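> Sequence first, predicted model second:
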Amino acid sequence: MFETESPMNKILITIFLSLFFCISVNAQSSTLLINEFLASNDSVNFDEFDEYDDWIEIYNSGNEPINLSGKFLTDDFEELKKWEIPSTDSTKTTVLPDSTILIWLDDDEVQGILHSNFKLNSDGEFLALVDSNGESIIDSISFQIQRPNISFGRKLNELSKWLFFEEPTPNAPNITNGKNGFSNLPIFTIEEGRFFPNIQVSFENANSEIYFTTDSSDPIVGVSNLYSNPIFLDTTTVIRAITVENEKFPSKIISKTYLIEESFNLPTISLVTNPPNLWDWNTGIYVKGPNAAPNIPHFGANFWMDWEKHSSLSYFEEDGSKVFSTDLGIKIYGGWSRVFPKKSFSINFDKKYDLDKLEINIFEDKPHIDEFGSLVLRADARGGVRIRNELMYQIHKQMKSQLGMQTYKPTVLYLNGEYWGIYNLMEKKGNAFIERNYGYKNIDMLSNVGNDSLEILYGSETEYLNLLDFMNQNDITQDSIYEQLKERINFNEYIDFWIYEIYSSKGDTYANIRYWRPQEEGGKWHWIGFDYDWWLGLNENTLERMLNEEQGNAIGMWTIGRMMKNPKFRNDFINRFCDYLNTTMKPENAVQIVQEVKNVIIEEMPKDLEKWNLDFEEWNNEVDKIIEFVSFRPDSIRSFIKSRFNLEGETEINLNVGSGEGKIKISTLSLETFPWNGKYLQGIPVTIEAIPEIGYKFTGWENEDLEKNFTLNPDSANFAFTANFEREYDLPIVINEINFQSGQELNSGDWIELINISEEKINLKDWSFTDSQNNSFKIHKDFEIKPNSCVVLCQDSLKFEKAFPQSKNFIGNFTFGLNKLNETVKIIDSNSRLIDSLTYSILPPWQFIENNSEFTIQLEDPTLNNTKFENWKISNFKGGTPEFVNFNPPTNINLLTPENEKEINSNYVYFSWNTEWEIESNDKLFYNFHLWGNGLDTTLTDLDFEYLENQNEIKLENQKEYFWQIETIFLNDTLKSEINKFTLLYKKQEPIIIENFEIFQNYPNPFNPSTKIKIAIPQKSKVSLKIFNILGQEVKNLLNENLDFGFHEIIWYGTNNEGKNVSSGIYFYKIETSNFREVKKMLLIR
């Protein structure tokens, strides 16, 4: 259950200060009291505009009238003069003796002098009446959570005592029965979720009566089951409970769903409401009711009414774990689909139920959206196939179309504990959808009603009707008119909308058009695509049908036919359609999408189909028909277009990149994978452009004398073009790491890290860093960055230094922030050359970034193309690794010796490990070594890459299992490796005689990556073993300690004293004691 925490600290402070300020209130004002208020007015009383608003009642307990004008009301102790009571009409603001005045707290001052500029927060806050000096608090109250339609007021004849009133008394004495508060919520001993049979659910509330139901009905005090013993469950059940305590109102009803022996292949939603809300013939929203018309779609039926019913919803992941639960309102949702047995629901979050909005990320496709005022549970509208609408969304997503479409998530719905089948949880396509997806709050949004009239959903239809008038009164064939229309219509969306309608052979376009525009100067009209369930068939010529809608009706169905009269638009439309047919609508791609959509739901479909008396074999046949449709629909579309516009035929165009690095753009497609081929239509010019990568230039088309950007007029021939590029200048500096969403724990501000991948020092003086909004930060001072070193450009150097006090190479401050939705960052050198640029986002395909606010994004390798999302990763350390070359974390540390499950036939253990990446810095990793097992538990800190464990130091017992693990500490983070297990299994040997020191030839030799060096020690001695390169320079100090009598093996892993891999070549190893020295040679081959 979501619960809002009351601001108790603030409440305590304001109570104290209220008492303090009351000392200086004038005598007349001291007779004024806050007598009653209602912070959640759902249906108690309405104002002169028929609105149910919050209100406050002020009582004059004195003998003289008091004019409130000039005094203040506030809900913020730090802003005591928040709203001044107007002085324009004293007859309305004067409180007579022993009387009250009601002021609406509705944040709507334009409605009159008794309407304030703020609303109350029903979660609890501070409320005060302040004297005209703006400092003295006349009366105040700090309150906690308020329930809908229950007021909080002073007890009659005992004004110091506050009570809750189930029957509020605005502008009247508080004579109704008040209570001290609300009973505590019932506490279930077992949280709802998925279970095996035979569970027992109890309650932990002491000193309470608990009434409950198991049939989803609302529990009623004194009527429903009175809890006394645990509730035994062996089948899926909803338990709803309410508590009652002395002198308090009953608690809220709490609903819990226990899913017994239910399989989970999809997220599951339990929707619970009092059964009459669904099935009552007069008031139930799921039934026809008494006023339904006899013919389909039964207009007048209950399910066509705009009725909302109080419900509760719980959401479970595939593993049965609960994600959230809350109370909310539900309505039946949709158009003619309301007549089907399986109906869709609108679920609406509202403070009067519980939450005013759901704050959680639900949809992986849109990770930036994490709050919702409403959602839709959408049933399939046509025979339960659940493929068509989903296919169109996936095509849209792959094409990265600007057209608005609702994302979805397949779920399983239980309605009042009964399995109700597969539903898509979806965004709701209203004004909040536009705000979340486009950022506009104030919009005009229209929809069509049938095929001849408009419905105003938000705002006004004036601008749309003006647009239709403009199209009717001007010659659309003129290019100048087309250019003017581009200022009023987002043609990228407009074209895609009609492409989707035509491709899908949609049967009810006239009933499913929705358009919107931001209410601003120059705001363009946009389109939303939805409800692609009704397909007329493979050979349906939807193009002809759409273009023949020439009647001048209000909804503008004729606009697409009219626009086709403009040659430029027609070419844009046809080429864009070809772009789709060559990519996302290409048969092999569309078939794959169908299979993927099918695979998500196929395990659940038999149960869903059985619920609604549908046949699984028939469902499979329908899916096969869809596969047939997408396999041959492109050929049909091309045929329709050629026929309609009298085009000769098709031309195949093959594109490739020869030398260098670059892309090719054809029509609206930016291609990165080659070779590529597609079909375009003869007689329709198509543009082709070669686009070099940063640091490259275009050198020409192979065997063609063409400009970098040219227009091809396709004819009967096929064409092939190969673009060649060459390096124009080196790219010595690379954007290597980005921090744009600091966590609270380590807030270093926004920053980017640059790395020098060249072999020369580079002076960054007069270099610039820019973002998508053309904000720029220029480096004005000399700053050299060494080869393979990093520098950080930071937004706030104080924050950055506080977070990373060891940092030295950073430059600040840039005065702008980095956006997470869609940001392009560029590095420009002192000669104004673009050195590096990339665009990142938390939107697909970069969605892996979302929900990682404590981590940065890092390039896997500075030599990789950083414009490609697949070359980036989430940092392995909180806050990132600024000024360090990115490297793999300890989870990628290799535990080399002993190997996991190793049996060791020796009386000592040699532990070794290494990392896959090296740190190019004077700072190094600190390793902690942890060894445990058989009663032993020891940790050694600040170690290098190897550790020799002698039995003389720590006793390891024979024939026992031990475990070991490495953890590393770097900057602000500690991470651990995997755990390896080993067993000692050595045999006691006969005494051996060693008379002299001896060092044996290493084995293997040559070697890669490691080799063993064996030495014989005749007596306990201090032994030194070092590795030298061919120049006589020490590379590695392998050993420098006391060794016992016996044979010893030491492993060298080809690393130096810093833990870095050394290069191939000849190396020497030298043993030295107090009276013995010997050198041998070995060969390392990488």
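Thanks, I have it.
> pLDDT at the residue nearest the centre of the chain, what is it?
The centroid of the chain falls nearest to Pro367 when counting by C-alpha atoms, centre = their mean (2.1 Å). At Pro367, the model reports a pLDDT of 77.
> Might one say that it is in contact with Gln847?
Yes: if you go by C-beta atoms under 8 Å, Pro367 and Gln847 touch, sitting 4.8 Å apart. Quick note: C-beta positions are derived from backbone N, CA and C, even for glycine.
> Just to be sure, the residue nearest to the centre of the chain is in a helix?
No: read with DSSP: H, G, I helix; E, B strand; the rest coil, Pro367 is coil and lies in no helix.
> Could you check how far it is from Asn876?
To Asn876, Pro367 is 20 Å away according to C-beta to C-beta, to the nearest Å.
> Now for Phe629: which residues touch it?
Taking C-beta atoms under 8 Å, 6 or more residues apart in numbering, we find Phe629 in contact with Trp535, Gly537, Leu538.
> same thing but 10 Å
When contacts are counted by C-beta atoms under 10 Å, 6 or more residues apart in numbering, Phe629 touches Arg388, Leu391, Tyr503, Ser504, Ser505, Trp535, Gly537, Leu538, Asn539, Ala590, Val594, Ser636.
> what secondary structure does it sit in?
Note that with three-state DSSP, the state of Phe629 is helix.
> got it, and the one 10 residues further on?
Judged by three-state DSSP, the three-state class of Ser639 is helix.
> what about the nearest residue to Asn60 once chain neighbours are set aside, how many neighbours?
Nearest non-adjacent residue to Asn60, counting by C-beta to C-beta, 6 or more residues apart in numbering: Val95, 4.0 Å away. Look at Val95: counted by other C-beta atoms under 10 Å, it has 20 neighbours.
> can you tell me which residues contact Val95?
Val95 neighbours (C-beta under 10 Å, 6+ apart): 31-32, 58-62, 64-68, 101.
> Kindly state the beta-bridge partners for it.
Val95 forms beta bridges with Ile66, as assigned by DSSP bridges.
> before we move on, what about Ile738?
Ile752, Ile857.
> got a list of what it touches?
Ile738 makes contact with 750-753, 818, 823, 825, 838, 840, 849, 856-859, 866, 872, 875, 880 under the criterion C-beta under 10 Å, 6+ apart.
> Type out the PyMOL command that picks the buried ones from the residues you listed.
Restricted to buried positions by 16 or more other C-beta atoms under 10 Å, the PyMOL selection for the contacts of Ile738 reads:
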select buried, resi 750+751+752+753+818+823+825+838+840+849+856+857+858+859+866+872+875+880
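> If you count neighbours, what's buried in the longest strand anywhere in the chain?
Ranked by number of residues, the top strand in the chain under DSSP state E is strand 322-333. Buried positions in strand 322-333, judged by neighbour count with 16+ other C-beta under 10 Å: Lys322, Ser325, Thr326, Asp327, Leu328, Gly329, Ile330, Lys331, Ile332, Tyr333.
> so Glu648 sits right up against Ala717, yeah?
No: applying C-beta atoms under 10 Å as the test, Glu648 and Ala717 come out as separate, 11.8 Å apart.
> can you list residues touching both of the two?
Gln682.
> Buried residues of stretch 35-42, list them for me.
Asn35, Glu36, Phe37, Leu38, Ala39, Ser40, Asn41.
> whoops, stretch 1039-1055 was the one
Leu1039, Leu1043, His1048, Ile1050, Ile1051, Trp1052, Tyr1053, Gly1054, Thr1055.
> now for the residues you listed, which pair is the farthest apart?
By the measure C-beta to C-beta, those have their two most distant members at Leu1043 and Gly1054, which lie 22.8 Å apart.
> quick revisit: of Glu648 and Ala717, who's got more company?
Neighbour count, other C-beta under 10 Å: between Glu648 and Ala717, Glu648 has more, with 12 against 8.
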